[in-house]
Structure formats: structure tokens, C-alpha cells
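K.L.:
Sequence first, predicted model second:
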Amino acid sequence: MASAETTDRKRLERAMRDSGRLPPGQSATLKWPVLHVGDVPRFDPKTWDFRVFGLVETPLRLAWDDFSRLPMKEVTADMHCVTRWSRFDVRWEGVPFLEVGKLAEIKPEAKYVMVHADYDFTSNVPLDDLMRPASLFALKHNGEPLPADHGYPLRLVVPHLYAWKSVKWVRGIEFMAHDAPGFWEENGYNMRGDPFRQERFG
Ligand SMILES: Nc1nc2c(c(=O)[nH]1)N[C@H]1C(S)=C(S)[C@@H](COP(=O)(O)O)O[C@H]1N2
Ligand SMILES: [Mo]
């Protein structure tokens with residue numbers, strides 16, 4: 001006989017498929033898997049900074065005190081990993097990408113962003129995807145600070161793209177005129193990564 005958890009998972013998966021929220025080739029998970037390369041970085045609020053550079057009128061270097069005082073909002077969204085799990089109705093709270101863009105005054109030539117994290121992890125994302133209202137720099141998950149292995153103190157969330165674009169331990173964004181591959185993209189993953197179009201590989 002199936003366990004209660006298997007039954008719940010199957011029920012969720014069917015509901016999400018029926019309502020068009022389960023992308024092709026994905027399975028629903030009730031857990032929150034941890035997925036990244038390398039170690040979990042240590043956070044020191046005294047030395048942490050967030051840099052905004054490249055094609056902007058006003059390059060920024062924000063300390064933790066400054067960043068964590070920016071306007072915030074809540075977004076509830078689904079999360080799709082290219083390794084084929086999807087997690088539903090995740091509640092994030094953080095600073096909309098649009099707020100940071102407004103502060104930095106993005107130049108019209110900017111079309112792509114390289115997202116930079118601790119230990120030189122990077123991912124490239126088209127600017128239009130980041131300018132959507134649900135794209136945000138999350139400080140909280142379900143009302144609590146992010147767990148260390150899920151990106152504490154700050155992670156990017158771009159819910160409509162595969163989750164490798166939702167960079168954990170984010171430390172900066174670089175505005176670019178032309179697209180360039182980040183870490184996973186260098187290794188064959190897609191430059192955009194729309195889960196509903198199964199844009200897994202390049
Ligand atoms: N800095 C960093 N962020 C990262 C990754 C990584 O390797 N390093 N992996 C990505 C991948 S592949 C996924 S699926 C999600 C997983 O987020 P989670 O561990 O909070 O579930 O983080 C993304 N963000
Ligand atoms: Mo992933």
C-alpha cells in the first residue's frame with residue numbers, strides 16, 4: 001500500500017497537471033531539496049556587499065544594512081528544477097528586482113544580466129525576465145530568514161525560469177548589452193531556461 005506521503009504527492013501532482021502548473025517532464029515534490037555546487041558560504045554582515053555594475057547610470061555598492069532596508073514585497077510562486085522536481089506555492093519575501101533597477105538607472109543598451117554569487121557562481125538571465133514583478137531578491141521564505149543552504153542571507157528568485165537561474169548567496173548583478181553564459185550555461189544548459197518549453201539544454 002502507498003504511504004500517506006506518496007498519496008499526498010500524487011494528489012498534488014495530478015492537481016497541478018490538471019491546472020496547467022506542472023511543466024512537461026516534471027514531478028511534484030512536497031520536500032524542499034537542496035541543490036548547489038560547492039560549499040555554503042559564511043555570512044558576515046560587516047563585510048557583505050551587493051554590487052550593481054555594468055550598463056547602469058549609477059553603479060551601486062550596498063552594505064547589508066542598506067540592502068535590507070529597501071522596499072520589500074511578498075510573492076508566492078512555484079519552483080522548477082531542471083533535475084525534474086517542482087515545488088508549489090513557495091512564499092518568498094524580498095526586494096523586487098525592479099526596485100534595484102530603479103536605483104541603478106539601467107541604461108537602454110542593457111539587455112542581459114550576469115548574476116554573481118559567492119564563490120564565483122554565476123548565471124545569465126535576460127533583462128526582460130528580471131523586470132517581471134515576481135522576480136525578486138528574497139530575504140525570507142515562509143516568513144523566516146532563508147535557511148543557510150537555501151541562500152541565506154539573500155537569493156534571487158525568477159520563478160518562471162528553471163531554478164538554476166534563482167541564484168543563491170547572490171552578491172551582485174552586472175548589466176550587459178550581449179548575452180554571455182554563466183556557470184551551468186557554460187556546461188551546456190540553456191541561456192533562458194523556460195520550464196514550460198523544456199528549455200533545459202543549449
Ligand atoms: N550560488 C548558487 N545558486 C544556485 C545554485 C548553485 O549551484 N549555486 N544551484 C541552482 C539550482 S540548480 C537550483 S535547482 C536551485 C535550488 O535551490 P534550493 O537549494 O533552495 O532548492 O538553486 C540554484 N541556485
Ligand atoms: Mo536545479
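P.N.:
Thanks, I have it. Numbering: from 1, shown residues only. Ligands and ions are numbered 1, 2, ... in the order given.
K.L.:
got the contact list for the residue in the chain that ligand 2 sits nearest to?
P.N.:
Distances between the chain and ligand 2 by Cβ to the ion are smallest at Cys81, namely 3.7 Å. Yep, even glycine has a C-beta here, placed from its N, CA and C like the rest. If a contact means Cβ atoms under 8 Å, 6 or more residues apart in numbering, then Cys81 has Pro33, Leu35, Tyr162, Ala163, Trp164 as its contacts.
K.L.:
Can you give me the pLDDT of it?
P.N.:
Here, the pLDDT recorded for Cys81 equals 98.
K.L.:
Residues of the protein that sit close to ligand 2?
P.N.:
Proximity of the chain to ligand 2, by Cβ under 5 Å from the ion, involves residues Leu35, Cys81, Ala163, Trp164.
K.L.:
From ligand 1, how far off is the third one?
P.N.:
Okay, so that is Ala163. In this structure, Ala163 and ligand 1 are 4 Å apart, going by Cβ to the nearest ligand atom, to the nearest Å.
K.L.:
What helices and strands are in contact with the helix ranked longest in the chain?
P.N.:
In the chain, taking DSSP state H as the definition, the longest helix is helix 4-18. In terms of contacts (3 or more Cβ pairs under 8 Å, 6 or more residues apart in numbering; DSSP states H and E), helix 4-18 is packed against strand 27-28, strand 85-96.
K.L.:
Which one of the ones you listed lies nearest to Thr76?
P.N.:
strand 85-96 (4.9 Å; Cβ to Cβ).
K.L.:
Please consider this matter closed, and thank you.
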